[in-house]
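Trainee: predicted model follows, preceded by the sequence.
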There are 2 protein chains.
Amino acid sequence: MNEAQLKKLDQTVLGWLDTVHDTVLKRVTQRMRVDTKAGHRDLVTNVDRETEQFYVDAIRRFDPKAKILGEEGFGDAVNDMAGRVWFVDPIDGTMNFVKQQAEFATMLALYEDGQPVMAWIMDVVNHDIVHGGPAYGVYHNDTPLATPKDTGLADGLIILSGARLLYEQFGFPEVAKAALGFRVYGSAGISYLHVLTGKAVGYASNMKPWDYAAGTLLGEALGFKVGKIDDQPMNMLISGTVLVATQQAYSDIMAIERDL
Amino acid sequence: MNEAQLKKLDQTVLGWLDTVHDTVLKRVTQRMRVDTKAGHRDLVTNVDRETEQFYVDAIRRFDPKAKILGEEGFGDAVNDMAGRVWFVDPIDGTMNFVKQQAEFATMLALYEDGQPVMAWIMDVVNHDIVHGGPAYGVYHNDTPLATPKDTGLADGLIILSGARLLYEQFGFPEVAKAALGFRVYGSAGISYLHVLTGKAVGYASNMKPWDYAAGTLLGEALGFKVGKIDDQPMNMLISGTVLVATQQAYSDIMAIERDL
């Protein structure tokens, strides 16, 4: 896509995010229907479903030939990355959404023939958005973001999945101990926003494709390193424990992983 | 103090908080001097010191007979709770302040002859304030806060000190596993704000008096239960692992503690 097409794409999706911001903030004050999915900590609400349906309808109108991989299943069964593929996470951090009415995100990412095009992560309550891509540049709202300082693990904050840390998987406790400090926010999108804006040196969690697609695209476009913590190759359609970090913190963490 | 005196006290301190908000946000964009105290993770900046000096000067003018217990030592050596005692934490969550320029707090609490009078906790960046006391009521900015729903540990988020969790002290891992979810924010003030506004069912951390004085006062005024996790009596001048939680979550956590 040329610059004008990318600009139009960005403006279009930013318009959808405005709608989602307004709609979701209104819905928060109303009665919500909360259900569980894979377990009693895996929550989904009517707002997750309605928001995904909104995105799917909008994408179908804007980009009718694209395939859509959405968390709540309103999209398509996507088996490969051929053509244009949209990743949709309508409400990321649903537990925070239900319990805090804050600290949740909405995320979209577009890939074409497996190549990153553009992605969007919004802290919904604060209307705080990181968006862009490799050919377009990455913006924090209207401000261009630069590659952050290459801070190592010992000098920065690492954000971790609470469950992996608590159940001592993949060396998360050792990584936390080696860091200057660690934080647990309970939302991939909120965690990615911290990393992309230079507030943390990295983030690692076990994630589904819609959890990490936008953060991976934006992180790589900004010069962060992204990969699987088990050193397996990235596959955008498979769940796994994904790490995004500054180059130095990534090396520091993978050295810990190899010593486990 | 009568209602008019409490109102004047609250308005006066809210004015100080406005000044601190403006000053600290300006200082964030300037070069900061960062030193360490007890260890390389125990940070202090010139902004911590300047802010405490500002509060101490303001308190001396407003309440000249009071004693002041401040984190950075600009106050008095306070050996007992006789008379009026101010607790001052100028920048709570200094690591977040330095690394994130967000998610830090400023906290003040006033006790008279050991009895709670009034306290203030401000999320500095967001100018988000919980303030008040037992005779005055507790407010979230201008809105009166009510005693929150008595949610149990299994149905809510618990906020924990990262270090205690990581080093498996005081049953923090067991508490985290029993909760619906846990979060680590790295600032007592930010954590207390979550609990006081009903976003989490409790918070526990190893804290110094200036870390827990305001949260204890506001929590008790709102009907939360506050105590030491080792079941020792509270002493406002001694450090310890302090828990604030809904009545039900407090019982749930203390049952876990007794079973350790």
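Mentor: That came through fine.

Trainee: restrict the strand or helix carrying A:Thr106 to CA atoms and write it as CSV.
Mentor: For A:Thr106, the host element (DSSP states H and E) is strand A:105-112. In CSV, the C-alpha atoms belonging to strand A:105-112 read as follows (Å, rounded to 0.1, in the frame of the first residue of the first chain):
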residue,chain,number,x,y,z
ALA,A,105,-7.6,-2.5,25.8
THR,A,106,-9.0,-3.0,22.3
MET,A,107,-6.5,-4.3,19.6
LEU,A,108,-6.5,-4.7,15.9
ALA,A,109,-3.7,-5.8,13.5
LEU,A,110,-3.6,-6.2,9.8
TYR,A,111,-1.1,-8.5,8.0
GLU,A,112,-0.9,-9.1,4.2
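
Trainee: parallel or antiparallel, which strands does that strand pair with?
Mentor: The pairing partners recorded for strand A:105-112 under DSSP bridges are strand A:84-92 (antiparallel), strand A:115-123 (antiparallel).

Trainee: centre of the chain to it, how far?
Mentor: Taking the mean of its C-alpha atoms, strand A:105-112 sits 8 Å from the chain's own mean (CA atoms, centre = their mean, to the nearest Å).

Trainee: buried ones in it, by neighbour count?
Mentor: Neighbour-count burial for strand A:105-112 flags A:105-111 (criterion: 16 or more other CB atoms under 10 Å in any protein chain shown). Placement of C-beta: from N, CA and C, glycine included.

Trainee: hang on, the earlier thing: tell me which of the strands paired with strand A:105-112 sits most buried.
Mentor: Sort the strands paired with strand A:105-112 by mean neighbour count, taking mean count of other CB atoms under 10 Å in any protein chain shown, and strand A:84-92 sits at the top with a mean of 26.

Trainee: which element follows it toward the C-terminus?
Mentor: Where DSSP H and E defines the elements, the next helix or strand beyond strand A:84-92 is helix A:94-100.

Trainee: list of residues touching that next one?
Mentor: Contact partners of helix A:94-100, identified using CB atoms under 8 Å, 6 or more residues apart in numbering or on different chains, comprise A:28, A:32, A:34, A:41, A:43-45, A:47-48, A:91, A:102-104, A:185-187, A:190, B:156-157, B:180-181, B:194, B:199-200.

Trainee: circling back to that earlier point, got the strands paired with strand A:105-112 as JSON lines, with mean pLDDT columns?
Mentor: Shown next, in JSON lines, are the strands paired with strand A:105-112 (pLDDT from 0 to 100):
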{"stretch": "strand A:84-92", "mean pLDDT": "98"}
{"stretch": "strand A:115-123", "mean pLDDT": "98"}
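
Trainee: quick one: find the helix or strand in chain A with the lowest mean pLDDT.
Mentor: strand A:43-45 (a mean of 88; mean pLDDT, DSSP states H and E).

Trainee: now the end-to-end length of stretch A:108-117.
Mentor: Stretch A:108-117 has an end-to-end distance of 11 Å (CA to CA, to the nearest Å).

Trainee: about what we covered before: what's the least confident helix or strand of chain A in contact with?
Mentor: With contacts defined as CB under 8 Å, 6+ apart, strand A:43-45 is touched by A:32-37, A:72, A:91, A:94-95, A:97-98.

Trainee: up against chain B, what does the stretch 151-260 of chain A have?
Mentor: When proximity is defined as CB under 8 Å from any CB of the partner chain, the stretch 151-260 of chain A approaches chain B at A:156-157, A:162, A:165-166, A:173, A:176-177, A:180-186, A:194, A:199-200.
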